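S.K.: got a predicted structure plus its sequence, pasted below:
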Amino acid sequence: MTLTSSPKSRLRLPPNKHQVKQELAQDVANFLARGGNVEYVEQGETALVNGCFNQQRPVIATQAQTRTLLSSQIEAIEKRKEERRQAKPAPITTNRRPTKKWIYDDFGEPLRWVWA
């Protein structure tokens, strides 16, 4: 069995930095060839009005919404959480199987087994 290489896929890769720079230089050259010109500005010049950003706040025309107090619901949730946190008493389990017990004599010597 021989392995053959499959042809490379024809996926388009994004342009790398060199290609982007070439494309930008070509666009500038085309702009200048059509009669466009580049306007130079002094360093530190800005398009801001009086050197400040627009400080006017946008006006929102909607009315203030009424809020619903949820304190009673929060208290109920907290109460349920607290009930879960409290330790529940463990049920007393008794062994229902009979067990062997030793019967001892007056001197502490074991005599026999008894099922209890």
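M.R.: Looks like it came in fine. Because the structure is a prediction, the values reported are computed rather than measured.

S.K.: so where's this protein uncertain?
M.R.: Residues of the chain meeting the criterion pLDDT under 70: 1-9, 49, 51.

S.K.: longest helix of it?
M.R.: What stands out as the longest helix in the chain, according to DSSP state H, is helix 17-33.

S.K.: who does residue 103 bridge with?
M.R.: residue 112 (DSSP bridges).

S.K.: neighbours of it, how many?
M.R.: 9 (other Cβ atoms under 10 Å). C-beta here means a position set from N, CA and C on the backbone, and glycine is covered the same way.

S.K.: just the C-alpha atoms of the longest helix of the chain, please, in CSV.
M.R.: Only the C-alpha atoms of helix 17-33 are listed here, as CSV (Å, rounded to 0.1, in the frame of the first residue of the first chain):
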residue,chain,number,x,y,z
LYS,A,17,2.2,42.4,7.4
HIS,A,18,4.4,42.8,4.3
GLN,A,19,1.4,42.3,2.0
VAL,A,20,-0.7,44.9,4.0
LYS,A,21,2.1,47.4,3.8
GLN,A,22,2.4,46.9,0.0
GLU,A,23,-1.4,47.3,-0.4
LEU,A,24,-1.4,50.5,1.7
ALA,A,25,1.5,51.9,-0.3
GLN,A,26,-0.3,51.1,-3.6
ASP,A,27,-3.5,52.8,-2.4
VAL,A,28,-1.5,56.0,-1.4
ALA,A,29,0.3,56.0,-4.8
ASN,A,30,-3.1,55.6,-6.6
PHE,A,31,-4.6,58.5,-4.6
LEU,A,32,-1.7,60.8,-5.4
ALA,A,33,-1.8,59.7,-9.1
